[in-house]
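Student: How does the following fold in three dimensions:
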Amino acid sequence: MQMGSAAEVAISNSPGVCIKNNDSIRSFLRSASNETHLPQELKDVASRLLSQDNLLYVSLRSIWTGFQPSSRPELMVLLSGSEFVFRSPKPREKGEELKARLRKLEELAERKAYQELVKDITPSKETTEPFSSYKDQLGFGLHVGLTMFTGYLVGFAAFRALFGHSPAMSAAGGILGLVGAMLVETLLFIIRTSDQPPKANRSKLKKP
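Tutor: You can find the predicted model right below:
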C-alpha cells in the first residue's frame, strides 16, 4: 500500500494535539514497525515513536490509517487510557514601542510614589509672587485703570465746580484726581501684600 505526499505531511513533526504514550499504543507501534503492508516511512515513524513518552496524534493516526481496516484496532480502544498533553504556548514577545511605553509608565509610577513619600519633608512648590498669572495681571490692570479714570472724573468735576468753567483748571483737577487715585491704589496694594504671609508659611502655621 503506497501513500502520497498527503501522508508524508501528516506524519511530519508539525504542531498539533499531543498525547501520552502507553502500553497499548506501544504495542500497536511495535506491530506497525514490523507490518509488511505499511510503507517504510511509516515503519520508521512507528519505530521512533516507541521510545517517546509523548507523541503527536496526527502521527499516530497516520500510522493507524496505513493499516488494513481488518487488521487495525479500533481507534477509541487504542487511545483508551491515554491523556492529552497540554503544552504551554510560546510567550508573546513585546514590541519595542510597547517596551518603551511600559518603561515610561514605570518611571512615572516610581516618581509619583517617591513624591508621595517625601511630600511632608520637601518644601512646597506653591508660588507666592503676586500677579503670577495673566489673569491676575489683567484684573489688577483693569482695576487700576478704572480707579484712575474715576479719580480723573472726580477731580475734573470738583475743579470745574470750584473754578468755574475754566478748561485749564478743570484739566488740572482731573490730573490731580488721577494721581491721587493712583497713589491710593498703590498704598492699598502695599498694605494687602504686606499683611498676608506667604502660602507656604500659612500652611506650616496650620499644622499642629
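
Student: residue boundaries of the helices in this protein?
Tutor: Ranges of helices in the chain, per DSSP state H, are 5-10, 23-33, 40-50, 57-66, 75-79, 96-117, 134-162, 167-195, 199-206.

Student: hey, which of those is tucked in deepest?
Tutor: A comparison of these by mean neighbour count, using mean count of other CB atoms under 10 Å, puts helix 57-66 on top with a mean of 20. (C-beta placed from N, C-alpha, C; glycine too.)

Student: Now do the contacts for the residue positioned nearest the centre of the chain.
Tutor: For the chain, the residue sitting closest to the mean C-alpha position, by CA atoms, centre = their mean, is Leu105 at 6.1 Å. By CB atoms under 8 Å, 6 or more residues apart in numbering, the contact list for Leu105 is empty.

Student: what about it, distance to Leu117?
Tutor: 19 Å (CB to CB, to the nearest Å).

Student: And the most far-flung residue of the chain relative to its centre, how far from Ser170?
Tutor: Distance to the chain centre peaks in the chain at Gly164, reaching 77.0 Å (criterion: CA atoms, centre = their mean). Distance of Gly164 to Ser170, computed by CB to CB: 9 Å.

Student: same thing with Val17?
Tutor: Applying CB to CB to Val17 and Ser170 gives a distance of 106 Å.

Student: okay, and for the chain, where does confidence drop off?
Tutor: For the chain, applying pLDDT under 70 flags the ranges 1-15, 87-90, 122-133, 195-208.
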